[in-house]
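K.L.:
Sequence and predicted structure are below.
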Amino acid sequence: MKTSKLGLDFEKVDAARAAASEIAASVMDFAAKRTTTSVERATLRMMGVEGADAEGVHWVNRVVDSPTGRDLLAHGLSVPFADAVARTGMDASETARAVAAGSVEMAMPSGEALEHAVAAAEDLAADSFRRIRTQRSRRQESLAELGEGERPLLYVIVATGNIFEDVDQARVAAKAGAQVIAVIRSTAQSLLDYIPEGPTTEGFGGTFATQANFRIMRDALDEVSREEGRYIRLCNYASGLCMPEMSCLGAMERLDVMLNDALYGILFRNINMQRTLTDQRFARLAAAAGGFIINTGEDNYLTTADAAKSEHTVLASDLINEQIALRCGLQPEQLGLGHAMQMNPWSEDMFLKEVAMAQLVREVFPGCPIKYMPPTKYMTGNIFRGHVQDALFNMAAVMTDQGIHLLGMMTEAMHTPHIHDRYLALESGAMIRQAARHLGDEIEFKEGGIVRGYAAEVLENTCALLEQIRREGLFDAISRGVFADVRRHMDSGRGLDGVALRADDYRNPVESMLSLMAGVKGE
Amino acid sequence: MMNMESTKNAVFPKGVDPTRIKPYGDTMNDGQVQLSFSLPVPMGPEAREAARRIAGRMGLKEPSIYHETDLGHGFSYFIVYGKCTHTIDFSAIVVPKIDMEVMGFHEIEHFMEKHFDRRIRVVGACTGSDAHTVGIDAIMDMKGYNGEYGLERYPTFETINMGSQVSNETLLARIVEFKADAVLVSQVVTQKDVHLSNLAELVDMVEAQGVRQDLLMICGGPRISHEVALELGFDAGFGPGTKPNHVAGYIAQELVRRRRS
């Protein structure tokens, strides 16, 4: 028998989850029938294609965008590419260059050659899979050896634009108690249809996510982890137009947490829904294989929608995201479902409602390291009040046993954090976590009180919304503006031209290997 | 920002010489200020002395280090108080302000109906790499901000909110196609002042297109002031705390003024 501090009706939770499961099934079915330029690029990266041309365009982009690459998109590029590698006797990167230059043409092999090419593709990807397995066990060993400290894990951002400067800021943050370091990306990167190459020292509002930057930061954090005697997690983004590739790089470079949410991209970056939901399926298979935590973006919904009327959209979206993730082989302990209520701190009993929502999400997802964020919408240049507001939410996070706590910083909405802004945020977070350590264990909310009443109302509305989405489908719901008050349509938004329906002879051995590793039955 | 009072009409606390003002803590003209900063040097007596000297160089007398923290890895953090030695002649300050009267929703609607026989077309966007639409949404969307309806709600305005990460090229194309009377550009997040170059570039492009004289150019954001806007070649700039009716009222009054001149 489940217990609830909120007196939740768990039959309602089950009903909501059942509706979300049906919604997720139809989204997954839709995505499994399609591929995208970014899925095929991720596949080629996994097969060992490395490096970029003189303009910095990665060879996987050049292959996918070559005339035969475009022609073959619906059939999958991994098999024709592996066939080309086998025919030419060159390695994957050399073959990619030759395909880009037009000196080698790819074609879909048939008969015996097809089976040879499939086997060749698997061989080419073997190194990447070995690397992912090694990274996974390194994380597990480090966590077993060093531990990672108490929960909620204190999560802070670094965003200098320069990866080497980021390293300095991250080391200082780790010393002050940070447990997750998130390197914020340069603002427009989610809309780039390629991943830049190499270490980078200039960005806007953040630092470019590149494979080299991932490696530089992970190496630095490994060193800091040893110094601090605690494993420090690294977070970046598997989102935007390169979502599948980012997820594969994350698995290979031992990212521990990645923001991964198609809905966020659809709503806030106007990325086409067909594109990004298809990308997300592949990205989450890679996440499951890599064993890292995903964070979903519901914590941003209420920055645009009216918080007091829309909390149920956050919970509904969390449930849909959970069901999609489980279908991709992710385990509950990998689901850092996002939530943040963005209530006006000046409104009466706001803190009670905030706690009600945080506790509700806690109880609906008991096995998940749910990710909590303080409201950013009401941060102003008054850094002193902002620090107090953040302290309120630090308290809510501890009371409701959140898994990951994105710490608010006093200069939010002003500039990317200065070194001491982050220090002060960590000091406050750690102090309140310590001071209120077991407060949550002492609390059971009063029957008939505000907190219980609010949670019950939100759950009720969540059930109704999910039932409606189940009937009309997720795509229609998004086009009606159900989430975040933003409307998006099936055939609008960025990246639609990179989507193709899979042909009958579509093959993707890398995807099959990922599915196997993720424990998901292949198609 | 909308306050039209000049410094001449200001009422001062007792003991203030408007030609020589300095910060105030608890005793008139004590010059007390608080500041905090980090230094890229390891914490220790030398770091503390360096912090004190930095404060001295800023023109602070008797700087006191009230708090210090070793941030580690060669960084130290300080909270410092000191007495400012500089003074400012307040009576000589002139700040460019938007010349307008603040009107409410109904007043603006009434004004518009009286002066225009067509709807006024306004395009808004958050340009460059900026993904933060909070500002432009607050001014333009139906819902508005702080109890004031957004421009979309005004029957006398026809609006397009293009959202975030709009390139200047795309925005200009929309301005031309829509025959916009006014453009609103929001810039929230910045790094290394990229918002300023974005805004200046738009002005250049609008001029090169030959539509500048028919277009009211307005920018807004937490780091925008009317003065900055004028320097960049805009007609007006709105800073933090701006409500939709401020912008709507300005557009209405300015368009009428231009028609007269």
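P.N.:
Nice, I can see it.
K.L.:
Please enumerate the helices of chain B.
P.N.:
Applying DSSP state H to chain B gives helices spanning B:45-57, B:105-115, B:134-140, B:168-178, B:194-209, B:226-232, B:244-260.
K.L.:
again with the stretch 151-300 of chain A
P.N.:
A:163-175, A:211-228, A:243-252, A:262-269, A:273-290 (DSSP state H, counting those that start in this stretch).
K.L.:
Determine which stretch of the helices of chain B is the most buried.
P.N.:
Greatest average neighbour count among the helices of chain B goes to helix B:134-140 (a mean of 25), per mean count of other Cβ atoms under 10 Å in any protein chain shown. For glycine as for every other residue, the C-beta is placed from the backbone atoms N, C-alpha and C.
K.L.:
quick one: that helix to chain centroid distance?
P.N.:
Taking Cα atoms, centre = their mean, to the nearest Å, the mean C-alpha location of helix B:134-140 is offset from the chain mean by 14 Å.
K.L.:
what do you get for stretch A:93-106?
P.N.:
The chain centre lies 33 Å from the centre of stretch A:93-106; the measure is Cα atoms, centre = their mean.
K.L.:
Domain map for chain B?
P.N.:
B:12-93, B:105-260 (automatic domain parsing).
K.L.:
Quickly, which of the ones you listed bottoms out on average pLDDT?
P.N.:
Comparing mean pLDDT across these, the weakest is domain B:105-260, with a mean of 89.
K.L.:
And that one, end to end?
P.N.:
Start-to-end span of domain B:105-260 (Cα to Cα, to the nearest Å) is 23 Å.
K.L.:
Report the buried residues of stretch A:358-367.
P.N.:
Across stretch A:358-367, burial judged by 16 or more other Cβ atoms under 10 Å in any protein chain shown covers A:358, A:359, A:360, A:361, A:362, A:363, A:364, A:365.
K.L.:
Pull up the gap between residue A:203 and residue A:184, please.
P.N.:
Residue A:203 is 9 Å from residue A:184, where distance means Cβ to Cβ, to the nearest Å.
K.L.:
These two: which is more packed in?
P.N.:
More neighbours surround residue A:203 than the other of residue A:203 and residue A:184, with 28 against 23 (other Cβ atoms under 10 Å in any protein chain shown).
K.L.:
List the residues that contact the more buried one.
P.N.:
Counting by Cβ atoms under 8 Å, 6 or more residues apart in numbering or on different chains, residue A:203 touches A:161, A:162, A:185, A:186, B:191.
K.L.:
my guess is residue A:60 contacts residue A:47, does it?
P.N.:
No - using Cβ atoms under 8 Å, residue A:60 is not in contact with residue A:47; the gap is 9.2 Å.
K.L.:
higher neighbour count, these two?
P.N.:
Higher neighbour count among residue A:60 and residue A:47: residue A:60, with 32 against 28, using other Cβ under 10 Å.
K.L.:
Longest strand in chain B, please.
P.N.:
strand B:60-72 (DSSP state E).
K.L.:
neighbouring strands for it, and are they parallel or not?
P.N.:
Taking DSSP bridges as the criterion, strand B:60-72 forms sheet pairs with strand B:75-84 (antiparallel).
K.L.:
now the angle from the partner strand to helix B:45-57?
P.N.:
40 degrees (axes from the mean of the first three to the mean of the last three Cα atoms, to 10 degrees).
K.L.:
Tell me how far strand B:75-84 lies from the chain's centre.
P.N.:
With Cα atoms, centre = their mean, you get 28 Å for strand B:75-84.
K.L.:
same check, this time on stretch A:241-257
P.N.:
With Cα atoms, centre = their mean, you get 9 Å for stretch A:241-257.
K.L.:
close to chain B, is that stretch?
P.N.:
No - legend: contact between stretch A:241-257 and chain B by Cβ under 8 Å from any Cβ of the partner chain is lacking; minimum distance shown is 12.5 Å.
K.L.:
model confidence over that stretch, on average?
P.N.:
On average, stretch A:241-257 scores 98.
K.L.:
Give me the neighbour count for residue B:153.
P.N.:
Residue B:153, neighbours per other Cβ under 10 Å, totals 18.
K.L.:
ditto for residue A:7
P.N.:
Residue A:7: 17 neighbours (other Cβ under 10 Å).
K.L.:
swap in the one 10 residues further on?
P.N.:
Summarising burial for residue A:17: neighbours were counted as other Cβ under 10 Å, giving 18.
K.L.:
tell me which residues in whichever strand or helix holds it are buried?
P.N.:
Taking DSSP states H and E as the definition, one finds residue A:17 inside helix A:10-32. Residues of helix A:10-32 classed as buried: A:13, A:15-24, A:27-28, A:30-31 (neighbour count, 16+ other Cβ under 10 Å).
K.L.:
can you check stretch B:77-85 too?
P.N.:
Counting neighbours by 16+ other Cβ under 10 Å, the buried set in stretch B:77-85 is B:77, B:78, B:79, B:80, B:81, B:82, B:83, B:84.
K.L.:
Test of understanding: give the bridge partners of the second one.
P.N.:
By that I understand residue B:78. residue B:37, residue B:68.
K.L.:
just checking, it touches residue B:65?
P.N.:
Yes - here residue B:78 reaches residue B:65: they are 5.6 Å apart, a contact under Cβ under 8 Å.
K.L.:
Overlap of the contact sets of the two?
P.N.:
Common neighbours of residue B:78 and residue B:65 (Cβ under 8 Å, 6+ apart) are B:48, B:51.
K.L.:
Near chain B, which residues of the stretch 1-150 of chain A? Just list them.
P.N.:
Counting by Cβ under 8 Å from any Cβ, the stretch 1-150 of chain A has no residue next to chain B.
K.L.:
show me where the stretch 1-150 of chain A has helices.
P.N.:
A:10-32, A:37-46, A:59-64, A:67-72, A:78-88, A:92-101, A:111-146.
K.L.:
Give me the contact list for the lowest-mean-pLDDT helix or strand in chain A.
P.N.:
Lowest by mean pLDDT, DSSP states H and E among the helices and strands of chain A is helix A:262-269, with a mean of 88. With Cβ under 8 Å, 6+ apart as the test, helix A:262-269 has contacts from A:190-191, A:239-240, A:243, A:271-273, A:276-277, A:279-280, A:296-298, A:300-301, A:317, A:320-321, A:478, A:483-484, A:486, A:488, A:493-494, B:131, B:164-165.
K.L.:
now that helix against helix A:10-32, angle please.
P.N.:
80 degrees.
K.L.:
who in the stretch 351-500 of chain A is up against chain B?
P.N.:
Of all the residues in the stretch 351-500 of chain A, those lying near chain B are A:377, A:380, A:381, A:413, A:414, A:415, A:416, A:418, A:419, A:420, A:423, A:485, going by Cβ under 8 Å from any Cβ.
K.L.:
Need the buried ones from those residues selected in PyMOL.
P.N.:
Command for PyMOL that selects the buried part of those, burial taken from 16+ other Cβ under 10 Å:
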select buried, chain A and resi 377+413+414+416+418+419+420+423+485
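K.L.:
From the residues of the stretch 351-500 of chain A next to chain B, which land in helices?
P.N.:
A:419, A:420, A:423.
K.L.:
Would you agree the last one is in contact with residue B:70?
P.N.:
No - taking Cβ under 8 Å as the contact criterion, residue A:423 and residue B:70 are not neighbours in contact, 10.2 Å apart.
K.L.:
Which residue does the stretch 101-250 of chain B have closest to chain A?
P.N.:
With Cβ to the nearest Cβ, the shortest gap between the stretch 101-250 of chain B and chain A falls at residue B:129, namely 3.8 Å.
K.L.:
okay, now that residue: neighbour count?
P.N.:
Neighbours around residue B:129, by other Cβ under 10 Å: 22.
K.L.:
How about residue B:118?
P.N.:
Neighbours of residue B:118 (other Cβ under 10 Å): 9.
K.L.:
The one 10 residues further on now?
P.N.:
Applying the criterion other Cβ under 10 Å, we find 25 residues in the vicinity of residue B:128.
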